[in-house]
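[1] show me how the following folds:
(one chain, ligands or ions: 1)
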Amino acid sequence: MKYQLRNTMLDILIRIEKDHGFSNLLLNHELKQRQLNEKDERLLTEVVYGSLQHQMTLDYYLSKFVKSKKKLDIWVQSLLRMSFYQMIYLEKVPDHAVIHESVEIAKQRGHKGISSFVNGVLRSLQRQGVPELTEIKDPIERIAIETSHPEWLVKRWSEMYGMETTANMCRNNLEHHPLSIRIQPLRTSREDVMEELKQSGIECRASIFSSQGIIIEKGNIFRTNLLKDGKITIQDQSSMLVGEMLAVEPEMNVLDSCSAPGGKVTHVAEKMLDKGTIHAFDLHAKKIKLIDEKATTLQLSSILAQKGDARKLADKYEKESFDRIVVDAPCSGLGVINGKPEIKYEKSEEDIQRLAKIQQDILNEVIPLLKENGLLIYSTCTVDTEENNQVVRQVLKNHQDISIDLSFRDELPVEIQEAPGWSEEGLQLFPQDFHTDGFFLTRLKKIR
Ligand SMILES: C[S@@+](CC[C@H](N)C(=O)[O-])C[C@H]1O[C@@H](n2cnc3c(N)ncnc32)[C@H](O)[C@@H]1O
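    The predicted structure follows:
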C-alpha cells in the first residue's frame, strides 16, 4: 500500500473525530478530489469505515497494550486504531507493511519518542495477538465491546426488542449492506436498467420492496451514466416503501413535510406520473437546492420545494388541503449506523427525547391538513420505540379523527408481511431482516 494513502486515511479519521464530520460525506469528498484507482479507493473506504465501525473494539484492544493513563493525542489514537484495524481484520495487508508505514507516519507527524511508542505497541500486538472478548462477563458490555455500540444503546435496545434481536442488529450493523437504486419509471424500465448494468459488468437483482428497486451486488454504478442521465437514483430499499404505500394517484395534492434531499418526494412524483402538485418542505434553506437538483436530474416538475418549518405549516394551508401527506421525520438515525458509523458514538438518549418531541409536534401540526379518507405516512430511519411506536400512540391520543391503517401489509411480498418487526403501530424493519437500513413506517388514515 502506498504511504500517501495511509496518510489520507489518517487525515479523514482525524477530521471525523475532531469535527464530528459525516464519514460518508468526507469520504466522498476525498475520493472525488484524489482520483484514486479502484483498488486504492476500495482500501481507503474499507480502512476508514472499518476503523470507525470497530472503534470501541479497537480501543478495548488498545487499552491492553497502552498502559499509560495519559490521553493519547487524537492523531496518535487514530493512527493506532487504523493500524490495529488493518492488522486484526484485514488479511490481505501484511503486518510488517502496516507497522513500517505507521512508524514512518508517526516520525513525520511527531517526534522520535512517539514513533518508537507506535512501533512498540504495534509489535506487541503482532507478538501477542488480541485478548478474548469472552473474558467480559456482563452480556450487555460484551455485545457493546464486541460490536462497538455504546452500552447505553445496547441496554436500551435490549429492553425494547430483547437481547437476541439486539445482538443480531449490532452485529449486522458491522456487515456490508448492498447499495440499492430506484429507477425513474417515466424514463426507463427496470428491465432496461438491469440489462445496461449487466452490460457494464455490474451484478444486480430486482428488489422485493418496490417494482422500481434494484440491488447492486457487485460493481460500481458511478462508472455508468445512469445516475447522471437521471434514469436512476440511489435509495435504500426500505425507504421505497414510503412511495409504494402512500397509494397516490395523478393530480393529487400532496404534502411532504420534511423532504430534503428529496429521495421520497421524487419517488412520490414518479408514482403520480409527475401530474399534480407536491408541496415539499425542509427546515434548512440550503437543502432545498438538493431537492430541486434531484427533481431536475430525474426530469420531474411536479415538486414545489420551499423552505419551511413543518411545525408551522397550518399557517400556510387551510385544514383538509391534502390527499396525501408524508412525514419522513428528522430522527436519531439509529437505523443507518451501517453506512454512517459515527452516529452510534454521537447520539444520546437526550437526543432521542428531543427528537420524539419534534416528531410529535410535526405530526400534530400536519394531521389537520389531511383530507377526510386521506392517508399519511410517518417514517423514520431509526430503530427506537420512543421515536416510532410511542410517537404514533401519542399522536393518536391527540387526534380522534385518525386511525392506523396497516391494510397495506397484505399488498407486500410475503417475506415483508412476515417480518418480525410488525406491531399495532406499524412496521419496524431491523437491518438484519433484509440487509436494509433500520426503518420504521406506518400509515394513518383520516376518518370522521
Ligand atoms: C429524514 S430527513 C428527510 C429525508 C427525505 N424525506 C428523503 O427521503 O430524502 C429529515 C429532514 O427533515 C428536515 N427537518 C428537520 N426539522 C424540520 C422541521 N421542523 N421542518 C421541516 N423539516 C425539518 C431535515 O433538514 C432533514 O432534511
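[2] in the lengthiest strand in the chain, what counts as buried?
    Taking DSSP state E as the criterion, the chain has its longest strand at strand 370-380. By 16 or more other Cβ atoms under 10 Å, the buried positions in strand 370-380 come out as 370, 371, 374, 375, 376, 377, 378, 379, 380. Any C-beta I mention is one placed from the backbone N, CA and C, and that applies to glycine too.
[3] kindly report the same for stretch 82-96.
    Quick answer for stretch 82-96 (16+ other Cβ under 10 Å): 82, 83, 84, 85, 86, 87, 88, 89, 93, 95.
[4] who touches that stretch?
    1, 6, 9-10, 13, 46-48, 50-51, 54, 58, 61-62, 98-99, 102, 118, 122, 125-126, 130 (Cβ atoms under 8 Å, 6 or more residues apart in numbering).
[5] residue boundaries of the strands in the stretch 301-448 of the chain?
    Ranges of strands in the stretch 301-448 of the chain, per DSSP state E, counting those that start in this stretch, are 303-307, 322-328, 370-380, 402-404, 422-423, 426-429, 439-446.
[6] returning to that earlier point: what's the closest of the buried residues of stretch 82-96 to residue 179?
    Minimum distance to residue 179 across those is 21.5 Å, recorded for residue 89 (Cβ to Cβ).
[7] what residues does the residue nearest the centre of the chain make contact with?
    Closest residue to the average C-alpha location of the chain: residue 336 at 2.7 Å, with Cα atoms, centre = their mean. Residue 336 is in contact with 343, 381, 437, 438, counting by Cβ under 8 Å, 6+ apart.
[8] keep only the residues you listed that also lie close to the ligand.
    Among the contacts of residue 336, proximity to the ligand is found for none (Cβ under 6 Å from any ligand atom).
[9] what residues sit buried inside stretch 183-201?
    Buried, per 16+ other Cβ under 10 Å, within stretch 183-201: 183, 184, 187, 188, 190, 193, 194, 196, 197.
[10] ditto for stretch 427-439
    In stretch 427-439, counting by 16+ other Cβ under 10 Å, buried: 427, 428, 429, 430, 431, 432, 433, 434, 436, 437, 438, 439.
[11] identify the residues contacting the second one.
    Okay, so that is residue 428. Contacts of residue 428 (Cβ under 8 Å, 6+ apart): 383, 388, 389, 421, 422, 438, 439, 440.
[12] check residue 163 too.
    Here residue 163 is in contact with 139, 143 (Cβ under 8 Å, 6+ apart).
[13] make residue 1 into 50 and carry on from there
    Noted, 50 is the first residue going forward, which turns the last one into residue 212.
[14] and the residue lying farthest from the centre of the chain, how far is that from the ligand?
    Farthest-out residue of the chain from its mean C-alpha position, per Cα atoms, centre = their mean: residue 161, at 41.0 Å. Note on residue 161: its distance to the ligand, by Cβ to the nearest ligand atom, to the nearest Å, is 48 Å.
[15] sorry, back to before: nearest to residue 462, of the strands of the stretch 350-497 of the chain?
    strand 475-478 (12.8 Å).
[16] pairing partners for the closest one, with directions?
    Its sheet considered, strand 475-478 pairs with strand 471-472 (antiparallel), strand 488-495 (antiparallel) by DSSP bridges.
[17] sorry, back to before: for the strands of the stretch 350-497 of the chain, which one sits closest to residue 322?
    Of all these, strand 352-356 comes closest under Cβ to Cβ, at 13.2 Å.
[18] could you export the closest one as CSV, CA atoms only?
    Taking Å, rounded to 0.1, in the frame of the first residue of the first chain, the C-alpha atoms of strand 352-356 are listed here in CSV:
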residue,chain,number,x,y,z
ILE,A,352,-42.4,19.2,-6.9
LEU,A,353,-42.7,22.6,-5.4
ALA,A,354,-39.8,22.7,-2.9
GLN,A,355,-39.6,25.5,-0.3
LYS,A,356,-38.1,26.3,3.0
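[19] is that strand anywhere near the ligand?
    No. For a cut-off given as Cβ under 6 Å from any ligand atom, strand 352-356 has no contacts with the ligand; the smallest distance is 8.7 Å.
[20] ok, residues contacting the least confident helix or strand in the chain by mean pLDDT?
    Lowest mean confidence among the helices and strands of the chain (mean pLDDT, DSSP states H and E): helix 72-83, at a mean of 80. Under the contact criterion Cβ under 8 Å, 6+ apart, helix 72-83 has outside partners 57, 60-61, 64-65, 90, 93-94, 97-98, 101, 388-391.
[21] run the chain-centre distance for that helix.
    17 Å (Cα atoms, centre = their mean, to the nearest Å).
[22] and it, anywhere near the ligand?
    No. Using Cβ under 6 Å from any ligand atom, helix 72-83 stays clear of the ligand, coming no nearer than 13.8 Å.
[23] quick one on the thing from earlier: ok, which of the strands paired with strand 475-478 comes nearest the ligand?
    strand 488-495 (10.3 Å; Cβ to the nearest ligand atom).
[24] confidence score at the residue lying closest to residue 296 once chain neighbours are set aside?
    Of all residues not flanking residue 296 in the chain, residue 424 sits nearest, at 6.0 Å (Cβ to Cβ, 6 or more residues apart in numbering). Reported pLDDT at residue 424 in the predicted model: 98.
[25] for residue 162, same thing?
    89.
[26] residues contacting the residue of the stretch 150-299 of the chain found nearest the ligand?
    Proximity of the stretch 150-299 of the chain to the ligand (Cβ to the nearest ligand atom) peaks at residue 288, 5.9 Å away. When contacts are counted by Cβ under 8 Å, 6+ apart, residue 288 touches 312, 313, 316, 377, 428, 430, 486, 488.
[27] what parts of the stretch 150-299 of the chain come near the ligand?
    residue 288.
[28] nearest residue to residue 300 other than its sequence neighbours?
    residue 325 (4.4 Å).
[29] for residue 350, see how far away the one you found is.
    11 Å (Cβ to Cβ, to the nearest Å).
[30] when these two are compared, which one has more neighbours?
    residue 325 (18 against 11; other Cβ atoms under 10 Å).
[31] is residue 264 in contact with residue 286, as I believe?
    Yes. Residue 264 is within contact range of residue 286, at 7.1 Å (criterion: Cβ atoms under 8 Å).
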